[in-house]
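Student: What follows is a predicted structure for the sequence shown.
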Amino acid sequence: MDLKDIKAIIDLMRKNSICEFELEKEGFKIRLKRGPNGSNAGAQADEQVGANAGIGQFPPSQPVQPMVQPPRPSQPPEIEIKSPMIGTFYRAPSPEAEPYVDVGSEVNPDTVVCIIEAMKVMNEIRAEVHGVVTQVLVENGKPVEFGQPLFKIRPTE
């Protein structure tokens, strides 16, 4: 990256009221940061292969307006129900029956969510958590591997 490219980034930062910019690729890292009054609080470029190069302060420009983002409600991460064995995945106890669970179904640790057939034995798979099914990740009747995610659950407790 040469000085012309850096100046173009600085110009874009000024025009778009961007407070901070960072780029890292192939042993080169640059970080540009503007202060609250619109001036540059500091900039640095590092070539991780060897030398450190400092870049001078930028002249002040129009004041930077802070970007306000609404707070995100903190939700616990989704939990995956994984296959405990190799076999064939079935969503229902028989071809005519309704699936054990669908997206939106509430489950508890004892809820059967599917069956995995292994060596002609039907193994009921339980949720083992309290939550709501957010995704069914495997198609009915398809083979599954050990540890393969089958469902995603949003925990409720």
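Tutor: Everything's here; your move.

Student: Break this structure into its domains for me.
Tutor: Domain assignment of the chain by automatic domain parsing yields the ranges 3-54, 79-155.

Student: So, low pLDDT: which residues of the chain?
Tutor: Along the chain, the model assigns pLDDT under 70 to residues 1, 26-28, 35-75, 157.

Student: what are the ranges of the helices in it?
Tutor: Applying DSSP state H to the chain gives helices spanning 3-15.

Student: contact partners of stretch 82-92?
Tutor: Counting by Cβ atoms under 8 Å, 6 or more residues apart in numbering, stretch 82-92 makes contact with 98-101, 114-119, 122-123, 125, 136, 138-150, all of which sit outside it. Where you see a C-beta, it was placed from the backbone N, CA and C, and this is true even at glycine.

Student: ok, 10 Å please
Tutor: Identification of contacts with stretch 82-92 by Cβ atoms under 10 Å, 6 or more residues apart in numbering yields 97-102, 113-119, 121-123, 125, 136-151.

Student: Mind checking which of those residues are buried?
Tutor: Among the contacts of stretch 82-92, the ones that count as buried by 16 or more other Cβ atoms under 10 Å are 100-101, 113-116, 125, 136, 138, 144, 148, 150-151.

Student: Among those, name the ones in strands.
Tutor: Mapping those onto strands (DSSP state E) picks out 113-116, 125, 136, 144, 150-151.

Student: ok, the spatially most central residue of the chain to Pro155 distance?
Tutor: Closest to where the C-alpha atoms of the chain average out (Cα atoms, centre = their mean) is Pro77, at 9.8 Å. Distance of Pro77 to Pro155, computed by Cβ to Cβ, to the nearest Å: 8 Å.

Student: can you check Phe89 too?
Tutor: 23 Å.

Student: In terms of neighbours, single out the busier of the two.
Tutor: Ranked by neighbour count (other Cβ atoms under 10 Å), Phe89 and Pro155 place Phe89 first, with 21 against 13.

Student: Fine by me, we can end here.
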